[in-house]
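Student: Sequence first, predicted model second:
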Amino acid sequence: MPINAASVVIGLSYASLLFLISVGLSVVFGLMRFVNLATGALYLVGGYVAWSVANRTDNFWLALPAGALVALVIGVVIERGFLDRLLGKELMQVSLTLGVAYIVADVTRWIWGGDPLRVRAPEALRGSTRIFGSVVPTYRLALIVIGAILAIVVWYLLERTRWGAYVRAGVDDMEMLECLGVNGRRIFSVVFALGALLCGLGGALGTPVTGVSPGIDSQMLLMALIVVVLGGLGSVLGAIVASGVVGMVDNMVRTFWPEASFFVVWVLVALVLIVRPQGLFGRAV
Amino acid sequence: MLELRDLSGGYGDGSVLNGLSLTVEEGQVVALLGRNGAGKTTTMRAIFNLLPQLTGSVTLRGESLRGLAPYEVSARGVALVPQGRRIFPSLTVEENLLIGARPPRSDSKLRWTVDEIYSLFPVLRERGRVRGTLLSGGEQQMLTLARSLMTQPLLLLCDEPSEGLAPVMVDRVGEVLQRLRAAGLSILLAEQNLDLALSVADVAYIIEEGRVIWHGTSADLLANEDVQATYLGIRIQGD
């Protein structure tokens, strides 16, 4: 198996993107027991908006927050506008997010067309860097650093702040949390919005690497679902570790057996679930 | 303090409560007794509006609690010590304690500070950094009691606090309830352990199939072995 610094960097940079789209999905599921199938669509929107802003302003650092913010707005509209009316109806909520995903996919195709678009990495991060005897794209290295920083930030927020304790308690036992005087609905709204923000940011960060084109939304959604199931529903640590595992495995299989990368990842997940049905870091329900 | 009138309802497949009425006076400890499945836990859930179907009225100090979200019921001054304790496994002891912490209420002379809680439950201070569910059963019961006090309640709903505890811990729960009673907290106490319930309660209600079939003072019930045998057969037959 061709393991060298380059393949590790490429795998981990992909893992950064996977983490950004899956952490919100995981915590949202943990809180309200429903799957946000618009996750991939939010990634797609983040990418397209970043492309437009980068093209107009020629400034990648403006494109990132723009993509993230538009995804945040769409997330808030979904949550406040629609999910709020479907409290406790998980199947309806899931169907609704699927509907949103289709609408977003069509609208983006209408606005940005069907051709793959690509954003150039910012000036400072173009080119390549030599690391452990391999030459790797500098932007990929930056992605790993950004992903690691964001993972630490999310972990800190959830594990070390009062607000994070509300979220963890809500994942454990939402009803009990509410009986102690905490408005669980508000916690959920904030988590959903932040999840959308991270998806959009992921989409924007991903444009120099994967580009953005129709179909990348469903592809990323599938990968995010794999990460969430593998890591354990509701677990941030699970999302971090599983993103790393999936990113690395996917990339390594791609280099020597490209057609089978998806298959191998699924087999890996299936094997883990046979041994640990709750995922790597999930608690048995 | 708390008044339940004609509560009926349940979970969809048949009603659990069938016209249940009871009153908890200010500063009173009221025992809610009955066999398994009589509707004790369901009564407590009804007060927090956690039942899909419910009719009747629930008032706290004259104000209706019906239609409020559970967190609003908590804000009005009701706290739940749930059956099975329901400690948050992802939280440390300290986090479990602080999760519902609220400043003292202006409309009550009762106030619980963290220091008071720790002096009432010293073990919680020692084990503050440990995950809540790593405590022993008795310690977890202390934690769930302490956790609900941190919400500065006017009324405590205590659902089977002695369940599954060793006798020495049951006594400890009894002591704590006595202290809370002495402090002037109103308590609705659902219990299977008749000795514990009657040692702290002023008044007792016996319920069966979701309605009250006997009520009176604890002294009356203690003296009346017929009632105990007929309605609380658990004690005599041990089933």
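Tutor: Here it is on my side, so go on.
Student: For chain B, which residues are neighbours of chain A?
Tutor: Neighbours of chain A within chain B, by Cβ under 8 Å from any Cβ of the partner chain: B:48, B:50, B:69-71, B:73-75, B:79-80, B:82, B:86, B:88-91, B:95, B:98-100, B:102, B:147-148, B:151. (Each C-beta comes from the backbone N, C-alpha and C, glycine too.)
Student: Alongside chain B, which residues does chain A contribute?
Tutor: Close to chain B, as judged by Cβ under 8 Å from any Cβ, chain A has residues A:162, A:165-166, A:168-169, A:171-173, A:175-185, A:283.
Student: again, only using 7 Å
Tutor: In this structure, chain A approaches chain B at residues A:165-166, A:168-169, A:171-173, A:175-176, A:178-183, A:283, judged by Cβ under 7 Å from any Cβ of the partner chain.
Student: In helices, which of these appear?
Tutor: Under the assignment DSSP state H, the residues of chain A next to chain B contribute A:165, A:166, A:168, A:169, A:171, A:172, A:173, A:175, A:176, A:178, A:179 to helices.
Student: ok, so of the residues of chain A next to chain B, who is nearest residue B:176?
Tutor: residue A:180 (18.6 Å; Cβ to Cβ).
Student: Wait, the closest one touches residue B:75, no?
Tutor: No. In terms of Cβ atoms under 7 Å, residue A:180 does not count as a neighbour of residue B:75; the distance is 10.4 Å.
Student: Confirm that residue B:19 sits in a strand.
Tutor: Yes. With DSSP: H, G, I helix; E, B strand; the rest coil as the criterion, residue B:19 is assigned to a strand.
Student: And it, how far from residue B:25?
Tutor: If you measure residue B:19 against residue B:25 using Cβ to Cβ, to the nearest Å, the figure is 21 Å.
Student: before we move on, the earlier item: of residue A:180 and residue B:75, which one has the most company?
Tutor: Each of residue A:180 and residue B:75 had its neighbours counted (other Cβ atoms under 10 Å in any protein chain shown), and the higher figure belongs to residue A:180 (25 against 16).
Student: Now do the same contact list for the more buried one.
Tutor: Shown in contact with residue A:180 (Cβ atoms under 7 Å, 6 or more residues apart in numbering or on different chains): B:74, B:99, B:100, B:147, B:151.
Student: Contact partners for the closest residue to it other than its chain neighbours?
Tutor: In space, and not counting its chain neighbours, residue A:180 is closest to residue B:100: 3.1 Å by Cβ to Cβ, 6 or more residues apart in numbering or on different chains. Under the criterion of Cβ under 7 Å, 6+ apart, the neighbours of residue B:100 are A:180, A:181, A:182, B:147, B:150, B:151.
Student: ditto for residue A:203
Tutor: Residues touching residue A:203, when contacts are defined by Cβ under 7 Å, 6+ apart, comprise A:43, A:44, A:45, A:46, A:47, A:50, A:67, A:71, A:212.
Student: What is the neighbour count of residue 200?
Tutor: Assuming you mean chain A. Burial of residue A:200 is recorded as 32 neighbouring residues (other Cβ under 10 Å).
Student: you looked at the wrong chain, it should be chain B
Tutor: Applying other Cβ under 10 Å, we find 22 other residues in the vicinity of residue B:200.
Student: related to what we said a few turns ago, closest one of the contacts of residue B:100 to residue A:158?
Tutor: Using Cβ to Cβ, residue A:182 comes nearest to residue A:158 of these, at 15.3 Å.
Student: Now do residue B:153: how many residues are near it, please.
Tutor: A count of nearby residues for residue B:153, using other Cβ under 10 Å, gives 27.
Student: Which residue, neighbours along the chain excluded, lies closest to it?
Tutor: Nearest in space to residue B:153, with sequence neighbours left out and distances taken as Cβ to Cβ, 6+ apart, is residue B:79 at 3.6 Å.
Student: The most centrally placed residue in chain B pairs with what?
Tutor: Of all residues in chain B, the one closest to the mean position by Cα atoms, centre = their mean is residue B:158, 1.3 Å from it. When bridges are called by DSSP bridges, residue B:158 pairs up with residue B:81, residue B:189.
Student: pLDDT wise, what is it at?
Tutor: Per-residue confidence (pLDDT) for residue B:158: 96.
Student: cool, and residue A:237?
Tutor: Note on residue A:237: pLDDT of 90.
Student: Surely it and residue A:281 touch.
Tutor: Yes. Taking contacts as Cβ under 7 Å, residue A:237 lies within contact range of residue A:281: 5.1 Å.
Student: Comparing those two, which shows the higher neighbour count?
Tutor: Neighbour totals were compared for residue A:237 and residue A:281, and residue A:281 leads with 20 against 15 (other Cβ under 10 Å).
Student: out of the contacts of residue B:100, which is most surrounded?
Tutor: Counting neighbours by other Cβ under 10 Å, residue B:147 leads those with 30 neighbours.
Student: phi, psi of residue 39?
Tutor: Reading this off chain A. Its backbone dihedrals place residue A:39 at phi -50, psi -50, with angles given as degrees, to the nearest 10.
Student: Chain B was what I was after
Tutor: Here the main-chain torsion angles of residue B:39 (degrees, to the nearest 10) amount to phi 120, psi 20.
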